[in-house]
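J.: Let me see the structure of the following:
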Amino acid sequence: MILAVLSALAEPTRLEAMRLLADGSTHCVCELMQKLCATQSRMSRHMRVLKQAGLVVDRRDAQWVRYRINPELPPSLARLVEAALEQQIVVAEPVA
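T.: Down below sits the predicted model:
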């Protein structure tokens, strides 16, 4: 399970989605798409990976799917997620 979590959090869009969900409320895919400049299919794929890793839960609301961080994360995984969310993403500039 830990490898699935680390792999899910290693992708920048998924990590940013987790940052948005860290406010404790639920967010629909349309909100996440807009804030992360992602297409609906791409955002849905990212959220599926996070769900399969056990990091988020979803619920259907009419035609929308709403996500939130899994409130039943084991404490060790919750600490890992917290640590990952505190880190800044650093993109190295290519050397010319």
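J.: okay, CA-based contacts and neighbour counts for the rest of this
T.: Will do.
J.: how would you label the residue most central in space within the chain: helix, strand or coil?
T.: The residue lying closest to the centre of the chain (Cα atoms, centre = their mean) is residue 18, at 3.4 Å. At residue 18 the chain is in helix, as set by DSSP: H, G, I helix; E, B strand; the rest coil.
J.: where along the protein do the strands fall?
T.: Per DSSP state E, the chain carries strands over the ranges 27-28, 56-61, 64-69.
J.: In this structure, where is pLDDT below threshold?
T.: Applying pLDDT under 70 to the chain flags the ranges 88-96.
J.: Surely residue 58 and residue 65 touch.
T.: Yes. If you go by Cα atoms under 8 Å, residue 58 and residue 65 touch, sitting 6.5 Å apart.
J.: winner for burial among the strands of the chain?
T.: Compared across the strands of the chain, strand 64-69 shows the largest average neighbour count, a mean of 19 (mean count of other Cα atoms under 10 Å).
J.: Centre of the chain to that strand, how far?
T.: Mean-position distance between strand 64-69 and its chain equals 11 Å (Cα atoms, centre = their mean, to the nearest Å).
J.: quick one: it to strand 56-61, angle?
T.: Interaxial angle of strand 64-69 relative to strand 56-61 (axes from the mean of the first three to the mean of the last three Cα atoms, to 10 degrees): 150 degrees.
J.: So which elements touch strand 64-69?
T.: Applying 3 or more Cα pairs under 8 Å, 6 or more residues apart in numbering; DSSP states H and E, one finds that strand 64-69 contacts helix 12-21, strand 27-28, helix 29-36, strand 56-61.
J.: Output the ones you listed as CSV; include the columns distance to residue 73.
T.: Shown next, in CSV, are those (distance: least, Cα to Cα, whole Å):
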stretch, distance to residue 73
helix 12-21, 13
strand 27-28, 18
helix 29-36, 21
strand 56-61, 9
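J.: Quick one, which of those gets closest to residue 6.
T.: Residue 6 lies closest, by Cα to Cα, to one member of these: helix 12-21, at 10.3 Å.
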